[in-house]
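Chemist: all I have is the shape, not the residue letters:
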C-alpha cells in the first residue's frame with residue numbers, strides 16, 4: 001500500500017534501529033497499542049497496531065452477528081484518524097488516505113495430526129489367537145489388554161481434547177491495523193496530538209509512539225491518564 005510504503009521508507013532512511021523492531025500477533029500486550037509516525041515536509045504518515053481486546057473487547061474470530069457488527073463498527077471508527085488523534089486547528093491537517101483492517105492468527109489447525117492417534121489395529125492379533133484354539137487361555141489376557149487399551153485411549157482422547165482447547169485459546173489472536181496519510185497546511189503548528197483514542201476505546205490503556213522527523217527519531221508513551229502527546233520539541 002502507498003501509506004505503508006511511505007512510512008516504511010521514511011523510517012528506514014531516518015532510523016534503521018526503529019525499522020528493525022517487529023511485532024508478532026502472539027506477543028502483543030493487552031491494553032497497549034503502538035503508533036508509528038513519520039513526518040516529512042507537510043505530510044504525516046501514521047501506522048497503528050492495537051490488540052483486538054483493546055478495540056472490541058475480544059480476540060477470537062468474530063462469527064456471531066453481534067461480534068461481526070462490533071468489528072465493522074470499529075473499522076469504521078479507525079478509518080477516521082483525526083477523530084482519534086487530534087491535531088491543532090492551526091496545523092490545518094486533513095486526511096489524504098486512511099485504511100483499517102483486522103488481522104488474525106489461529107494456530108489450532110496446525111495440530112490436526114493429533115487425530116492420527118485414534119487408530120488402534122493391534123487387536124487383530126488377538127482375534128488370530130482365538131481362531132487357533134487358544135480362546136480359553138488368552139481370553140482373560142485379551143480382556144485385560146482391551147481394558148488397558150480402552151483406558152489408554154480414553155485418557156489419550158481426553159488429553160488431546162484438552163490440549164486442542166488450550167492450543168486454540170493460546171493461538172487465537174486478532175489485531176487491528178490502521179494506516180493514515182495526512183496533509184497539513186502549516187506543519188510548524190503541529191505542537192501536539194490529542195488522543196481521543198482512549199475515550200473511544202475504553203480497554204486501551206497506553207499507546208507506545210515512535211516518531212521519525214527531521215529532528216530525528218523519538219519514542220514516547222502516551223497513557224490514558226494523560227492523553228496528550230507534546231510535539232513542541234520536534235519543531
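Modeler: That came through, no problem. Computed from a predicted structure; not experimentally measured. Numbers count the residues shown, from 1 in each chain.
Chemist: of all the helices and strands in the chain, which has the lowest average confidence?
Modeler: Every helix and strand in the chain was compared by mean pLDDT, DSSP states H and E; the lowest is helix 16-19, with a mean of 42.
Chemist: next structured bit after that helix?
Modeler: The helix or strand immediately downstream of helix 16-19 is strand 32-40, counting by DSSP states H and E.
Chemist: quick one: mean pLDDT over that next one.
Modeler: Average pLDDT, strand 32-40: 97.
Chemist: what do you get for stretch 226-235?
Modeler: 90.
Chemist: what about this structure, any weak spots by pLDDT?
Modeler: For the chain, applying pLDDT under 70 flags the ranges 1-28, 105-172, 235.
Chemist: and it, what are its domain boundaries?
Modeler: Annotated domains of the chain cover 2-106+172-234, 137-171 [automatic domain parsing].
Chemist: could you give the angle of the helix or strand hosting residue 50 to strand 32-40?
Modeler: Assigned by DSSP H and E, residue 50 belongs to strand 43-51. Angle, strand 43-51 to strand 32-40, by axes from the mean of the first three to the mean of the last three Cα atoms, to 10 degrees: 170 degrees.
Chemist: what's the next secondary structure element after strand 43-51?
Modeler: Once the chain leaves strand 43-51, the next helix or strand it forms, by DSSP H and E, is helix 52-55.
Chemist: all strands for this protein, in order.
Modeler: For the chain, strands defined by DSSP state E occupy the ranges 32-40, 43-51, 85-86, 93-105, 173-184, 192-195, 206-213, 216-223, 228-230.
Chemist: name every strand pairing with the shortest one and say which way it goes.
Modeler: Take DSSP bridges as the rule and strand 85-86 pairs in its sheet with strand 192-195 (antiparallel).
Chemist: and the gap between the closest residue to residue 100 other than its chain neighbours and residue 196?
Modeler: Among residues not flanking residue 100 along the chain, residue 78 sits closest, at 3.7 Å (Cβ to Cβ, 6 or more residues apart in numbering). Where you see a C-beta, it was placed from the backbone N, CA and C, and this is true even at glycine. Using Cβ to Cβ, to the nearest Å, we find residue 78 at a distance of 12 Å from residue 196.
Chemist: now for the two: what residues contact both?
Modeler: Common contacts of residue 78 and residue 196 (Cβ atoms under 8 Å, 6 or more residues apart in numbering): residue 84.
Chemist: higher neighbour count, these two?
Modeler: Set residue 78 next to residue 196 and count neighbours by other Cβ atoms under 10 Å: residue 78 wins out with 26 against 14.
Chemist: contacts only, for the more buried one.
Modeler: For residue 78, the contacting residues are 48, 55, 84, 100, 176, 178, by Cβ under 8 Å, 6+ apart.
Chemist: nearest to residue 232 among those residues?
Modeler: residue 84 (21.0 Å; Cβ to Cβ).
Chemist: I figured that closest one hits residue 194, correct?
Modeler: No - here residue 84 lies out of contact with residue 194, judged by Cβ atoms under 8 Å, at a distance of 9.4 Å.
Chemist: those two - which one has more neighbours?
Modeler: Higher neighbour count among residue 84 and residue 194: residue 84, with 23 against 16, using other Cβ under 10 Å.
Chemist: can you list contacts of stretch 56-64?
Modeler: Outside stretch 56-64, the residues that touch it by Cβ under 8 Å, 6+ apart are 51-53, 67-68, 70-71, 74, 104, 106, 172-174, 203.
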